[in-house]
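1. test case, fold it:
(one chain, ligands or ions: 2)
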Amino acid sequence: MSAVLLWVVCPKDNAHSLLSLVPRNCCTQRRCSSSSSNKLLSSKLSFSSGVAAYSSAVANPSRSSEERVYEVVLKQAALVRESRRESALGLKKEPIETDGTTDWNLLNDAYERCGEVCAEYAKTFYLGTLLMTPERRRAVWAIYVWCRRTDELVDGPNATHITPKALERWETRLNDLFEGRPYDMYDAALSDTVSKYPVDIQPFKDMIEGMRLDLRKSRYENFDELYLYCYYVAGTVGLMSVPVMGIAPESKASTESVYNAALALGIANQLTNILRDVGEDASRGRVYLPQDELAQAGLSDEDIFRGKVTDKWRSFMKGQIKRARMFFDEAEKGVAELSSASRWPVWASLLLYRQILDAIEANDYNNFTKRAYVGKAKKLISLPIAYGRALMEPSKLAKLVMR
Ligand SMILES: CC(C)=CCC/C(C)=C/CC/C(C)=C/CC/C(C)=C/[C@@H]1[C@@H](COP(=O)(O)OP(=O)(O)O)[C@]1(C)CC/C=C(\C)CC/C=C(\C)CCC=C(C)C
Ligand SMILES: [Mn+2]
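-> Ligands and ions are numbered 1, 2, ... in the order given. Model prediction:
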């Protein structure tokens, strides 16, 4: 992973570093030749004010982030609807064929390597993907690896060397792989995936935009700004994943509502991440929590840097946790609509991640010095629960999750 970072930081000097990621029999210096609502949950806590136009997805800054992101949701949903219609009519295009030089063994190796990375970084999630069909599973691995590498650019060991120029180069690579010109074997796997499934480039570009935001911004004025950030770095993952995980053929839900749920799961996960990591982020000079909400609670950045759990802090955190749970609730509505084999890993990740919020409560809201985590026993119990939910029909499940 760090070799890729080096390439992004300084592509010429470190071109050789990339070799370490690629088996000797795969082309490297030259490119591989493989083929490549409804508004979402207007939370009571949400403050919708105009935000600066830092979105690559949508240009009009006078609308709220939710409205702007919803446009992307509609576009993604339309793509999937079109692809389902083509399948139903037997009109489906064959995957892009290249110049005949595609080496299927190399492509299989590329996907295998993606699986290995996924198993290393996200064990439970990897196990869940094993229940998916082999085609879907490896496509999800390829998306996972691209997201992980993108995140590593700003969060990994070489993050201090990352510049806007480096992110520009990463985006050029993205454009290339979407056009069937992958640079390395991980890119080759994703390139193949996006040629087979109705995956759009926009959420990928938006994730890079989120990394740009992380480089230049360390405060969020209000929830509207934070929402957009969460969409960029995590909501996008939901939008990338749905076309690959597939919607159940028997699903009666609208495609938009499934995408909305996927977006909500990404937002919920990222909000949870932010609440878990308050202390850690503060030590890097970062405060993701909305400034106006902090002020309304009588809190400021100084209180966060001081890291003292007070009643004010507890009460503020209760509101933040409540909002994150509302996004999880919104996400739950969509999981049952996914194709049956994809539901389990999604339920598992939802149940596991949501329990981090319980752990913050159990730590008496000390997210300054105590890391909230879900213990092994709780993790293990969650897996069969997730499996049970994955087997349930949407109507029965709806009653259960209404609790
Ligand atoms: C089944 C499933 C969960 C599929 C998603 C697989 C996938 C492509 C994951 C990529 C995750 C990733 C590497 C994102 C990069 C940015 C990032 C790190 C975001 C944070 C993830 C948590 O990771 P971690 O705890 O390791 O964070 P640190 O870097 O250590 O701080 C995020 C919080 C976001 C992850 C977002 C999702 C997993 C979205 C999931 C949504 C779906 C899969 C859609 C499901 C569909 C419906 C209808 C609900
Ligand atoms: Mn991260």
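2. burial measure for the closest residue to residue 254 other than its chain neighbours, as a count.
-> Using Cβ to Cβ, 6 or more residues apart in numbering and skipping residues adjacent in sequence, the residue nearest residue 254 is residue 77, 7.7 Å away. For glycine as for every other residue, the C-beta is placed from the backbone atoms N, C-alpha and C. The number of residues packed near residue 77 is 22, by other Cβ atoms under 10 Å.
3. look up how far residue 64 lies from residue 77.
-> Distance, residue 77 to residue 64, using Cβ to Cβ, to the nearest Å: 19 Å.
4. which parts of the stretch 101-250 of the chain are helices?
-> 104-121, 123-129, 134-155, 164-178, 185-196, 202-216, 223-230, 236-245 (DSSP state H, counting those that start in this stretch).
5. next, the residues that contact the last one from outside, please.
-> Judged by Cβ atoms under 8 Å, 6 or more residues apart in numbering, the contacts made with helix 236-245 from elsewhere in the structure are 72-73, 76, 79-80, 83, 132, 136, 139-140, 143, 147, 193, 197-200, 202-204, 206-207, 210, 258-259, 261-266, 338-339, 342, 346.
6. and the angle for it with helix 134-155?
-> Computed by axes from the mean of the first three to the mean of the last three Cα atoms, to 10 degrees, the angle separating helix 236-245 from helix 134-155 equals 170 degrees.
7. kindly report the same for the fourth one.
-> Per the same axes, to 10 degrees, the angle that helix 164-178 makes with helix 134-155 is 170 degrees.
8. what residues sit buried inside helix 164-178?
-> 166-167, 170-171, 173-174, 176-178 (16 or more other Cβ atoms under 10 Å).
9. ligand 1 contacts on the protein?
-> Counting by Cβ under 6 Å from any ligand atom, the chain comes close to ligand 1 at 125, 140, 143-144, 147-148, 151, 155, 233-234, 237-238, 241-242, 258, 261-262, 265-266, 269-270, 273, 331, 334-335, 338, 345-346, 349.
10. distance from stretch 363-383 to the middle of the chain?
-> With Cα atoms, centre = their mean, to the nearest Å as the basis, stretch 363-383 stands 21 Å off its chain's centre.
11. that stretch - what's its average pLDDT?
-> Stretch 363-383 shows a mean pLDDT of 94.
12. ends of it, how far apart?
-> 24 Å (Cα to Cα, to the nearest Å).
13. give the buried residues for it.
-> For stretch 363-383, using 16+ other Cβ under 10 Å, the buried residues are 363, 365-368, 370, 372, 374, 379, 382-383.
14. next one: stretch 215-231
-> Buried residues in stretch 215-231, counting neighbours by 16+ other Cβ under 10 Å, are found at 220, 222-231.
15. just send these back as TSV, with pLDDT too.
-> Supplementary listing: the buried residues of stretch 215-231 in TSV, determined by pLDDT from 0 to 100:
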residue	pLDDT
220	98
222	97
223	97
224	97
225	97
226	98
227	98
228	97
229	97
230	98
231	98
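16. what's the farthest-apart pair in these?
-> Greatest spacing in the buried residues of stretch 215-231, by Cβ to Cβ: 222 and 231 (14.7 Å).
17. go back to the contacts of helix 236-245 and keep what's next to ligand 2.
-> With the criterion set as Cβ under 5 Å from the ion, no member of these is near ligand 2.
18. what is the nearest of the buried residues of stretch 215-231 to residue 214?
-> Residue 214 has its nearest neighbour among those in residue 229, at 8.0 Å by Cβ to Cβ.
19. nothing else from me, thank you.
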